[in-house]
Structure formats: structure tokens, C-alpha cells
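Peer 1: this one's structure only:
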């Protein structure tokens, strides 16, 4: 690894906030317990406050944000904080900004339809409807907030606390060991991404064209092309083997478009064979 990781990456945390649109109905829960002679902890009845499709666009926007965040960063901790290589900062920032706007538009549309959703609930829930379950419309936009925080990547050399030298050295050693582990995990993550995408290509191309399971979307190759273009910005450890494999993929797997792979048997076999060989190389490095 060339240079400190703290000089080549930062940490980014993405959290999407949303209100809960389910409520426990105590009256119905008590009735069920009473009718079936069960104990009070046997279960509970939760009612959905909104129609099924009311949140579809917001949920879709949330999924797109989470996917983009995961694809454009590397693993750090399981709390949602991830490593963002500085090489990928501008692309990440612009992409997140666009997806945030899409989510905000979805929230605005939801708010515009909110009074109608409440009126529908009066009919749909009937006796279970409770106006107090529904927040005031003015509070809804703020409840769909997005927290995006950028933090410096830790550096053991900058770790300063009032401790004895021996204790401080122990802590610095632990930080260095953790950074080493993170670097290895980040590299493994990239190998696994490649293995997943190329493995899917092999699964599709190994089936003869026209046979059940042999058809595929253009995204089969486009997804690999996107990953190949992204890898240089995520290869924060400057791993030479990863770059060599990326170049091999560029020349052997993504130079041919998806339609050619559908129409030309020889091209399909050639790419499938190359994909199998590359996949074997990747699996040895994961």
C-alpha cells in the first residue's frame, strides 16, 4: 500500500430517517387475547396506517441511495459508516446529491397526497381508525431527513491522549492493526464484487442462446462495465493484482456488447471461456 490510508480516504456516514407508519392497536390486541384465551404476551396486532402503495416512491429512493452508498464506498464498521476514497469523493458527492433530490421530490409528492391517504384510512381501517395516529402534515418533511456526515480517516500518528508512553503506544499499535484489517477487508470486498458480477455472466453465457435461462438483459455487461470504471477510484490500497485483473476484464469481457453475445455463438463462447478463467483467478485472491 503506497502512502497512508488516512491521506487517501475519509469516512462517510449515510442515514435515512423516516416515521413509522404502523401502530399497535391495543383494543384489537386485547380482543384477540380475550377471544382466544391467550396470555397478554402471546402477540399483538399492528395496523398499517397508509395504503400499500403510498410509500413506494420514497422506499424506491431510499433503496437507490443505500445501493449507491454501498457501491461507491468500502466496508468500515457495521453502523453504516464506510470508507470513501478521496479519488471517488466528487463522483460520490454528486451522485448522492442527485439521489437526495429524488427522495425529496418523492417526499413532497407524498405530503401533497397525505390528506387523501388519511381519508382512505378512515374507510380502510373503519373502527380501527384513530386520528391521533397520524402526525400533523407540517411535521412530515422534517421526519424524512437525511444525515450525511464526512469524517477524517483515523491516523495512529495523530492519536493524542494524556497517557503514559507505553499505554499510548499500545493504543497506537491497536489502531494500526485495525487499519491493516480494514485495508484487507476493503480489498476482499472488491474481489468479491468482481466475482459476483463475473460469476453471473458465466451462469448466463454457459447456457446456449435460445435455451431456457439463456436470455439476459443488457445490464449483464453494463454492470461489469460500471464496476470496471469504478474500481480505479475504489482501489485505495493501489493493489497491482486488482488493477491487472481490471485491465484483463476491460479487454476480454466488456469490449463486446450484449446484443453481439446474443447473436454470435462464437463471441458468446469466447467471452464465457474468458470469464471462467478470470473468475478462477479472482477466486484465488479473495
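Peer 2: Perfect, thanks for sending it. Every value quoted in this text rests on a predicted model; they were computed, and no experiment measured them.
Peer 1: elements contacting the helix or strand where residue 190 lies?
Peer 2: Following DSSP states H and E, the helix or strand that holds residue 190 is helix 165-205. Contact analysis of helix 165-205 by 3 or more CB pairs under 8 Å, 6 or more residues apart in numbering; DSSP states H and E lists strand 74-75, helix 219-234, helix 240-252, helix 265-285 as its packing neighbours. To be clear about C-beta, it is placed using only N, CA and C from the backbone, and glycine gets the same treatment.
Peer 1: With respect to residue 88, which of these lies nearest?
Peer 2: Minimum separation from residue 88 across those (CB to CB) falls at helix 219-234, 3.8 Å.
Peer 1: residues of that closest one that come out buried?
Peer 2: 220, 221, 223, 224, 225, 227, 228, 230, 231, 233, 234 (16 or more other CB atoms under 10 Å).
Peer 1: And for stretch 75-85?
Peer 2: Buried residues in stretch 75-85, counting neighbours by 16+ other CB under 10 Å, are found at 76, 80, 81, 82, 83, 84, 85.
Peer 1: Now pLDDT too, for the buried residues of helix 219-234, in a markdown table please.
Peer 2: Supplementary listing: those in a markdown table, determined by pLDDT from 0 to 100:
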| residue | pLDDT |
| --- | --- |
| 220 | 96 |
| 221 | 96 |
| 223 | 96 |
| 224 | 97 |
| 225 | 97 |
| 227 | 98 |
| 228 | 97 |
| 230 | 97 |
| 231 | 97 |
| 233 | 97 |
| 234 | 97 |
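Peer 1: Adding distance to residue 243, write those out as JSON lines.
Peer 2: Conversion of the buried residues of helix 219-234 to JSON lines gives the following (distance: CB to CB, whole Å):
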{"residue": "220", "distance to residue 243": "23"}
{"residue": "221", "distance to residue 243": "21"}
{"residue": "223", "distance to residue 243": "20"}
{"residue": "224", "distance to residue 243": "16"}
{"residue": "225", "distance to residue 243": "16"}
{"residue": "227", "distance to residue 243": "13"}
{"residue": "228", "distance to residue 243": "11"}
{"residue": "230", "distance to residue 243": "13"}
{"residue": "231", "distance to residue 243": "8"}
{"residue": "233", "distance to residue 243": "12"}
{"residue": "234", "distance to residue 243": "11"}
